[in-house]
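Asker: using only what follows, build the 3D model:
(chains A, B and C, ligands or ions: 1)
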Amino acid sequence: MKVEMNIDDVAKLARLKLSAEEREKFSSQMSDILSYVQKLNAVDTTHVQAADHVEAVQNVTRPDEVKPSLDPDSFLKHAPLGRDQFFIVPQVIE
Amino acid sequence: MDYEPVIGLEVHVQLKTASKLFCGCSTKFGALPNAQVCPVCLGYPGVLPVLNEKALTLAVMAGLAMGSTVALYSKFDRKNYFYPDLPKAYQVSQYDEPICLGGKIDIEVEGTRKEIRLTRIHLEEDAGKSMHFKGDTGVDYNRTGIPLIEIVSEPDLRSPQEAYQYLKELKTILEYLDVSDCNMEEGSLRCDANVSLRPVGEKKMGTRAEIKNLNSFHNVEKAITYEIERQKELLSRGERIVQETRLWNADESFTRSMRSKEAAHDYRYFPEPDLVPIVFSAKEIESVRVSLPELAQRRKERFMKDFALTAYDAEVLTAQKDLADFFERCLKYSKNAKAISNWMMGDLMRELKLKDLGIAQSPMSPEHIAGLIELMDQGKISGKMAKDVFLEMFGTGKSAQEIVSAKGLSQLSDSSQIEGVVKKVIQENPPSVQDYRNGKKNALSYLVGQVMKATQGRANPKMVNELLVKELEK
Amino acid sequence: MSESLMDLTLHELSELMRARKISSLEVMQAKLARLKEREPQIHAYIRWDEKAAIEEARQRDNVQDHQGSLWGLPIANKDIICVEGVETSCASKILSGYIPPYNATVVERLRGEGAILFGNTNMDEFAMGSSTETSHFGVTRNPWDLTRTPGGSSGGSAAAVAGGLAIAALGTDTGGSIRQPAALCGCVGLKPTYGRVSRYGLIAFASSLDQIGPITQDVEDAALLLEILAGHDSKDSTSLKVEVPRYREHLKKGIRDMKLGLPKEYFISGLDPQVKVAIDEAIKVYTNLGVEVVECQLPYTEYAVATYYVLATAQASSNLARYDGVQYGYRAPNFSNLVDMYFETRSLGFGPEVKRRIILGTYALSSGYYDAYYLKAQKMRTLIRQDFEEAFKKCDAILTPTSPSCAFKIGERMNDPLTMYLSDIFTISANLAGIPGISIPCGFSKEGLPVGLQILGKHFDEATLLRTAYAFEQATDHHKRKPVVR
Ligand SMILES: [Zn+2]
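Answerer: Residues are numbered from 1 along each chain as shown, chains lettered A, B, ... in the order given. Just a heads-up that it's a prediction; the model follows:
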């Protein structure tokens, strides 16, 4: 079964801009891959538990203790743009 | 056509922990931008979250206190979306298996009790804060990763007043549990409202608008009122309601559409692979339940039973946990519960309100209030004097005894001293004495007044009366 | 070709260090000499700091008391594991200039034994690939044939170890990224049980599949390194509190009483005949060692690749969403507004394979498709795990080829992602099931290319895995063969 993906919508959701060339190439490759993935439908998994985790670990917690934070500058010095202890981005419009 | 409002609230409550939900950064309010961050809450490449056990316990406590079912199995999920204040581009939250399901909150509006059902309570991390500058935006991640519970109500509320009462009850419960500070100014309690209208009698829900940025209980009430009117007007003009997110403008009292949130979100929830499930046994949940502190309703009943307070007084005193705590601390120093209740609900509340203070900031301690009542009960000061002493106590923070001693205000109860004044007054007022002896009993009050005048009002009026009569009848 | 300390194994050098017969500085200089000689042809590394390495070696030599089994010995790091203060980019433009402010747990552990983390090895961008060709920093070449890829994604680490440019190296394995390059380069590569080694500081590709493990010259080195790397870490909620055996003591226990399984699903038509010959030879070696070889079944094997590519890409789409130019790394130079900054940064910062996988993963999680793809794959994962549980009732470990073919030509599979994905067919199941796997050299093709034998074990039973591998190694000398790099 041939499966097509609406690649423009998905790319937008993922915040990716595709060139015309990429778009065309990816579309056909995605179609191949998704068609291949359809083979999973051959298996009836109605009564199979989904494996969120492969090991049976539960209830991992830490005590509510404060650890000293690092100096803001140790992060801000690597930021593409920082000012007055803020990370700076283009204007956010609400 | 008559419309009925249908309202549901989503309340985000900051849990009272010292450290964040998944890292050791402090949750203290008011730090400089990005001073309470680490690689984990900044979502740096390679970091992993580890759950704060206290946050988990507080969420369970909140759920139990609100009658929710604590899930024996719950898990965390990632909610994916891009926003500068969300450093990992996903929020760790709980999607289809939250920590608490169901529950209810009882409210009372205009004397009618009503049960508001809860859909769920789930744990999640907070996002950061954007500061809008001229030309660009600064992001502060101090709030990022702060533990929250989101309490989602069913659309059971029918008026802005009910919404207001619901929030008040919710806050009372959370404060009683000491689960949150519930401070709206500091953002530790935030509320979004889903508002829709439907024709009266209609069962189906109308299209709803989600209102954000409701920064006080009164604003919740006002914004919902506004939104109901806005929707009514649209419907009356035959227009359709658009499902959207609207922002409340508190300064100008209106809601407006949030353009940035218009695009329908696809959050692509999936189980958070970096965190493991939370599994409780019924026994563990029970042990939290039995350790829950006494809540408002139970405390009110106890106050009525143990201290013979009226339902009204008990209600007012227990509406806020710190008020009820103050009352009980007063009782350590005085057994006169009725007087404590009267002073607190009368003079103390009035003065606090004038100064815009909460009970926590009261300049008078429970010991001081009780001390004042004790002086009255021992007859050392009169009720009228007590009112003045109270004001001075409130202003200076001194104890009643200190003020009374310093001003020589204490009531004259020494019978030999009063006797001297009484004799002197009798000597100086022969006509009144004569009148009294001739049966004009009201002459007595004149003589009492004279004694009081001579003692600058300090003499114990009851003793003056008795001594005068005794002297006159001789 | 010069004789070099670099041709010795980690355990041999460790002995010499302990006996004070060599110094850390000598080892470091031998390494730098080798780099000068061979790195231009192989290009195993993205970056290293010569001055810092010499300095660190001197410091180690100045300490009288050698503490730890790796004292003064350089271990190569994959460019996906965070070392404080050292640029770590996952071979991606989008992380260019990113300098971690903290150390990965494995880095702390290695340093705790006196090791020197030297150099970041090349890899497929964000570990997404099987050939080290998707790196932003150019391809790594296979030391056995410079026209071929070293495999991937830990191709730089494997090429460095095979080419004498590293004594041992760290790798990471999400679907075979340690074992496949180890096989293609003739090294030993071990992927531990999921939860055995802390992932803290490993830049995530697919969180529920990723594991760190060693790539070494022989099995004893793998055992030595695993002893150090393994163990519970309170910073990783998915790391398990399971006791870590002293693996080296298990090596020589012998395998006479063992049963090894051969899954018929792994001996398929697509298998390169030369690989088949080498594997058959390997099975004979085991039979001669007195091991009982039995057939076993892993019926869901054919679904592993599809399951894997849904789960891994979905998790990756979320893990890689944070690379948006706000906090660190690359930000596009031109954009018109905030949203555009995201689009431009991510479109210019990620290479095509990463974009492809982000798109596939985003789709698998998106509204309306989650149940059909992600949820379905999670269920398939359960079935694949159960497959192994069943199989291990009949045997102690399972033997398979590591890769269906030997090292392939550079560029050969770059335009056909599905074929590339299918080349992971034998390694992927171990990640889905969470079980440990090791690849060891078991022969060579006519062209002189190495063939890898994969041994899969039960959860947390790396000891049996290593013992089985060691017995083979003792009986053969494939691991001693070195490539001639010109
Ligand atoms: Zn933090």
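Asker: once you drop chain neighbours, what's closest to C:His324?
Answerer: No, residue C:324 isn't His; it's Asp. C:Tyr342 (5.1 Å; C-beta to C-beta, 6 or more residues apart in numbering or on different chains). (Glycine included, C-beta is placed from N, CA and C.)
Asker: what's the answer for B:Lys424, then?
Answerer: Nearest one to B:Lys424, counting by C-beta to C-beta, 6+ apart, is B:Ala454 at 7.2 Å.
Asker: would you list the phi and psi of whatever residue of the stretch 1-150 of chain C ends up closest to chain B?
Answerer: Nearest to chain B, among the residues of the stretch 1-150 of chain C, is C:Cys82, at 4.7 Å (C-beta to the nearest C-beta). Main-chain dihedrals, C:Cys82, degrees, to the nearest 10: phi -80, psi 130.
Asker: residues contacting the spatially closest residue to it that is not a sequence neighbour?
Answerer: Excluding its sequence neighbours, the residue lying closest to C:Cys82 (C-beta to C-beta, 6+ apart) is C:Pro100, at 3.7 Å. Neighbour list for C:Pro100: B:39, B:44-46, C:82-86, C:88, C:201 [criterion: C-beta atoms under 8 Å, 6 or more residues apart in numbering or on different chains].
Asker: C:Pro100 and C:Asn120: what is the separation?
Answerer: 11 Å (C-beta to C-beta, to the nearest Å).
Asker: residue of the stretch 101-250 of chain C nearest chain A, please.
Answerer: For the stretch 101-250 of chain C, C-beta to the nearest C-beta, closest residue to chain A: C:Ser237, 4.1 Å.
Asker: could you check how many residues crowd around the closest residue to that residue other than its chain neighbours?
Answerer: Leaving aside its chain neighbours, C:Ser237 sits nearest to A:Val60 (4.1 Å; criterion: C-beta to C-beta, 6+ apart). Using other C-beta atoms under 10 Å in any protein chain shown, A:Val60 has 20 neighbouring residues.
Asker: now do the same contact list for A:Val60.
Answerer: B:50-51, B:275-276, C:237-238.
Asker: circling back: tally of neighbours for the residue nearest to B:Lys424?
Answerer: 18.
Asker: for B:Met364, same thing?
Answerer: For B:Met364, using other C-beta under 10 Å, the count is 26.
Asker: you'd agree A:Ser27 is in a helix?
Answerer: Yes: A:Ser27: assigned to a helix according to DSSP: H, G, I helix; E, B strand; the rest coil.
Asker: ok so, going back, hmm, the residue of the stretch 1-150 of chain C closest to chain B is touching C:Thr105, no?
Answerer: No: C:Cys82 is beyond contact range of C:Thr105, at 9.8 Å (criterion: C-beta atoms under 8 Å).
Asker: quickly list what's touching both of those two.
Answerer: Contacts common to C:Cys82 and C:Thr105, judged by C-beta under 8 Å, 6+ apart, are C:Gly201.
Asker: skipping adjacent residues, who's closest to the closest residue to chain A within the stretch 101-250 of chain B in space?
Answerer: The minimum distance from the stretch 101-250 of chain B to chain A, using C-beta to the nearest C-beta, falls at B:Gly138 (2.9 Å). Leaving aside its sequence neighbours, B:Gly138 sits nearest to A:Phe86 (C-beta to C-beta, 6+ apart; 2.9 Å).
Asker: could you name every residue contacting both of C:Pro100 and C:Asn120?
Answerer: Joint contacts of C:Pro100 and C:Asn120 (C-beta under 8 Å, 6+ apart) are C:86, C:88.
Asker: the stretch 151-300 of chain C: helices as residue ranges?
Answerer: C:155-162, C:179-185, C:219-229, C:247-251, C:273-288 (DSSP state H, counting those that start in this stretch).
Asker: save these as a markdown table, and put in mean pLDDT and distance to chain A too.
Answerer: Formatted as a markdown table, the helices of the stretch 151-300 of chain C follow (pLDDT from 0 to 100; distance: least, C-beta to the nearest C-beta, whole Å):
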| stretch | mean pLDDT | distance to chain A |
| --- | --- | --- |
| helix C:155-162 | 98 | 22 |
| helix C:179-185 | 98 | 17 |
| helix C:219-229 | 98 | 17 |
| helix C:247-251 | 95 | 20 |
| helix C:273-288 | 96 | 23 |
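Asker: out of the ones you listed, nearest to chain B?
Answerer: helix C:219-229 (15.5 Å).
Asker: for that closest one, what is the distance to the chain centroid?
Answerer: 14 Å (C-alpha atoms, centre = their mean, to the nearest Å).
Asker: what of stretch B:207-216?
Answerer: With C-alpha atoms, centre = their mean, you get 22 Å for stretch B:207-216.
Asker: mind listing what's buried along that stretch?
Answerer: B:208-215 (16 or more other C-beta atoms under 10 Å in any protein chain shown).
Asker: try stretch B:417-424
Answerer: In stretch B:417-424, counting by 16+ other C-beta under 10 Å, buried: B:418-419, B:421-422.
Asker: between those, which is closest to C:Leu70?
Answerer: B:Ile418 (97.0 Å; C-beta to C-beta).
Asker: show me what contacts that closest one?
Answerer: B:412, B:451, B:455, B:459-460, B:463-464, B:467.
Asker: selecting buried members of those residues in PyMOL, what would you type?
Answerer: In PyMOL, a selection of the buried entries from those looks like this (16+ other C-beta under 10 Å):
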select buried, chain B and resi 412+451+455+459+460+463+464+467
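Asker: tell me how far stretch C:140-152 lies from the chain's centre.
Answerer: Per C-alpha atoms, centre = their mean, the centroid offset for stretch C:140-152 relative to its chain is 15 Å.
Asker: quick one: terminal-to-terminal distance for that stretch?
Answerer: Distance between the boundary residues of stretch C:140-152 (C-alpha to C-alpha, to the nearest Å) amounts to 10 Å.
Asker: and if you look at stretch B:39-53?
Answerer: 20 Å.
Asker: quick one: check it for contact with the ion.
Answerer: Yes: applying C-beta under 5 Å from the ion, one finds stretch B:39-53 in contact with the ion at B:40-41.
Asker: can you classify the closest residue to C:Arg111 other than its chain neighbours by secondary structure?
Answerer: Nearest non-adjacent residue to C:Arg111, counting by C-beta to C-beta, 6+ apart: C:Leu117, 7.1 Å away. Classification of C:Leu117 by three-state DSSP places it in strand.
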